[in-house]
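1. build me a structure from this.
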Amino acid sequence: MKTILNNQLETDEITSSGLTVEKASWIEAPMVAECFMNLECKYLWEKEIVPGDDHVMICLEVVGGHIGE
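-> Just a heads-up that it's a prediction; the model follows:
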């Protein structure tokens, strides 16, 4: 949470937190190299949990995964 509090839209939150960005294999999104597992997901849909609130439920489809040794 510390890394996102004052971030601008163009700030890379992953590298500003000291982590390493890796290119994903199946989708156009970054992965975090230090994570032991990365799941690449395709966005399907979202739905408000409570109408007018900013919390939503999202549905994703896992299209690939990376698991470290």
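2. which residues does residue 45 contact?
-> Contacts for residue 45 (C-beta atoms under 8 Å, 6 or more residues apart in numbering) come out as 58, 59. Using the backbone N, CA and C atoms, a C-beta is placed for each residue, glycine as well.
3. so how far is residue 28 from the closest residue to residue 61 other than its chain neighbours?
-> Distances taken as C-beta to C-beta, 6 or more residues apart in numbering put residue 42 closest to residue 61, at 4.7 Å, once the chain neighbours are dropped. When distances are taken as C-beta to C-beta, to the nearest Å, residue 42 and residue 28 turn out to be 10 Å apart.
4. SS state for residue 47?
-> Look at residue 47: counting by DSSP: H, G, I helix; E, B strand; the rest coil, its state is strand.
5. what strand or helix carries the residue nearest to residue 61?
-> Element membership of residue 42, judged by DSSP states H and E, is strand 37-48.
6. what's the answer for residue 59, then?
-> Using DSSP H and E, residue 59 falls in strand 56-67.
7. quickly run through the sheet partners of that strand, with directions.
-> Within its sheet, strand 56-67 is paired with strand 37-48 (antiparallel), according to DSSP bridges.
8. may I have the partner strand exported as PDB, CA atoms only?
-> The C-alpha atoms that make up strand 37-48 are tabulated as PDB, following Å, rounded to 0.1, in the frame of the first residue of the first chain:
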ATOM      1  CA  MET A  37       3.800 -18.200  -8.700                       C
ATOM      2  CA  ASN A  38       2.200 -15.900 -11.400                       C
ATOM      3  CA  LEU A  39      -1.100 -16.600 -13.000                       C
ATOM      4  CA  GLU A  40      -1.900 -14.900 -16.300                       C
ATOM      5  CA  CYS A  41      -5.600 -14.100 -16.600                       C
ATOM      6  CA  LYS A  42      -8.000 -12.800 -19.100                       C
ATOM      7  CA  TYR A  43     -10.600 -10.400 -17.900                       C
ATOM      8  CA  LEU A  44     -14.200 -11.600 -18.500                       C
ATOM      9  CA  TRP A  45     -16.600  -9.300 -16.600                       C
ATOM     10  CA  GLU A  46     -17.200  -7.400 -13.400                       C
ATOM     11  CA  LYS A  47     -20.300  -6.700 -11.300                       C
ATOM     12  CA  GLU A  48     -21.000  -4.300  -8.500                       C
END
